[in-house]
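Peer 1: give me coordinates for this.
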Amino acid sequence: MRIDLGALAEPIVQAPMAGGVSTPALAAAVNAAGGLGFLAAGYKTAEAVSDDIRALRALTDRPFGVNIFAPPRPLTAGPRAAAEAGVAAYAGRLAHEAERYRVRLGEPRHDDDDFRAKVALVARERVPVVSATFGCPEPTVMDSLHEAGCDVWITVTSPHEAVVAEQAGADALVVQGLESGGHRGYFSDESAVDDLGLIVALRLIASRVKLPLIAAGGIADGRAVAAVLCAGAVAAQVGSALMLTPEAATSAPHRAALAGSGATRLTRAFSGRTARGIVNRFMTEHDASAPAAYPDVHHLTAPIRSAARAAGDQEAINLWAGQAHALAQAAPAGQIVRRLGAEARAAIAAVALRLGSPGA
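Peer 2: A predicted model of the protein is given here:
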């Protein structure tokens, strides 16, 4: 592993939040504060990601990461027909939503988010850290990234996925707990998944693999950072805690929802893949009928979400957020990163004092 996470001034990794929230300015601010910033390649063309890398390198000379979505599994004839039927039925249900927002439903398609082009880009640019979500890339991809000098991190949610990623040659694992906002990083998004909370996932995975672990899910203050470090992580990945920063490109309606105390829930309603967001009308009305068809449903609902976002309407956009989003603060990203580190050190010192005083 080329990136020494233990050498970071602050044990904080910025979550790569796809969909527009992550920006070069946010990654640079996290870097400047002593953490590790990330760019999100998801839903962007390779050319747009290249522009982001160029912009970030103009702002910082420190290491950073880029997150790429692993491609969905190709569908064979039977599953493809079932998925298409499910998406068609869901489109019929959403017709009134399209009318409400005066748009046409998007064209569903089963694409790979320009995966090969993005892999070639990050290899060519020798990006220090490349992380993959939604699966483990095939060995030839892992080899090409290593040959380019990239560390490869894989997002995992279970001990089984962790073992697969270690055997494939991963340099580190992002352990995603059930508390995490946004899409679940399952290798296979099935209804029978045994979801694990972050602490349990860390301990079980640490017992099975020897790789460095980066903890993700519900981490929004320094005590949570201290907790995951004590549970075996070398760093904490934070997302919702940075979404109210001025450097993040979080939309106005999303910011308003994050600042509240609304409950979160897992849903496939917006994208066809399980994700955690703040409960709103669209989720409530459509979750039960949403098919497991990603990214087909993502493309189908995109015009509705875009129109609602432009109108400032929280009720039909994907309000991705972790369970601890109510702890997020509207402050500069660097200030938040430094505060999380200081709070974690204070919490660990307090625990050390308590453990060093039997009977206290």
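
Peer 1: low-confidence ranges, the chain, go.
Peer 2: Along the chain, segments meeting pLDDT under 70 span 1, 74-77, 357-360.

Peer 1: domains for it, by residue range?
Peer 2: Per automatic domain parsing, the domain ranges recorded for the chain read 1-72+113-248+330-360, 74-109+251-326.

Peer 1: quick one, phi/psi of residue 182?
Peer 2: Main-chain dihedrals, residue 182, degrees, to the nearest 10: phi 80, psi -160.

Peer 1: does it touch residue 21 like I think?
Peer 2: No - Residue 182 is not in contact with residue 21 according to CB atoms under 8 Å; the separation is 9.3 Å. Just so you know, the C-beta spots here come from the backbone N, C-alpha and C atoms, and that holds for glycine as well.

Peer 1: so between the two, which is more surrounded?
Peer 2: Each of residue 182 and residue 21 has its neighbours counted (other CB atoms under 10 Å); residue 182 has more, 25 against 22.

Peer 1: got the contact list for the more buried one?
Peer 2: By CB atoms under 8 Å, 6 or more residues apart in numbering, the contact set of residue 182 is 15, 17, 18, 239, 275, 276, 277, 320, 322.

Peer 1: could you do residue 289 as well?
Peer 2: 89, 90, 93.

Peer 1: now these: which count as buried?
Peer 2: residue 90 (16 or more other CB atoms under 10 Å).

Peer 1: out of the contacts of residue 289, which is nearest to residue 178?
Peer 2: Distance to residue 178 across the contacts of residue 289 (CB to CB) is lowest for residue 90, with 25.2 Å.

Peer 1: name the helix or strand for the closest one, please.
Peer 2: According to DSSP states H and E, residue 90 maps onto helix 77-93.

Peer 1: show me the contact partners of that helix.
Peer 2: Residues contacting helix 77-93 (CB under 8 Å, 6+ apart): 75, 105, 108, 110, 272, 286, 289-293, 296-297, 300.

Peer 1: ditto for stretch 240-253
Peer 2: 14-15, 17, 20-23, 25-26, 28-30, 181, 219-221, 254-255, 258-259, 308-309, 312-314, 317, 319, 321-322, 324-325, 327-333, 336, 340.

Peer 1: can you list which of these are found in strands?
Peer 2: Secondary structure defined by DSSP state E assigns residue 14 of the contacts of stretch 240-253 to strands.

Peer 1: narrow the contacts of stretch 240-253 to those in helices?
Peer 2: Among the contacts of stretch 240-253, the subset assigned to helices under DSSP state H consists of 25-26, 28-30, 254-255, 258, 308-309, 333, 336, 340.

Peer 1: same list (the residues you listed) but as a markdown table, adding neighbour count and distance to residue 138.
Peer 2: As requested, the ones in helices among the contacts of stretch 240-253 are exported to a markdown table (neighbours: other CB atoms under 10 Å; distance: CB to CB, whole Å):
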| residue | neighbour count | distance to residue 138 |
| --- | --- | --- |
| 25 | 18 | 34 |
| 26 | 26 | 31 |
| 28 | 22 | 32 |
| 29 | 26 | 34 |
| 30 | 28 | 30 |
| 254 | 25 | 35 |
| 255 | 15 | 39 |
| 258 | 23 | 36 |
| 308 | 25 | 37 |
| 309 | 18 | 35 |
| 333 | 29 | 35 |
| 336 | 25 | 37 |
| 340 | 27 | 36 |
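
Peer 1: so which pair among the residues you listed is furthest apart in space?
Peer 2: Taking CB to CB, no two of those sit farther apart than 308 and 340, at 32.0 Å.

Peer 1: returning to what we had before: between the contacts of residue 182, which is closest to residue 145?
Peer 2: The nearest member of the contacts of residue 182 to residue 145, counting by CB to CB, is residue 18 at 19.1 Å.
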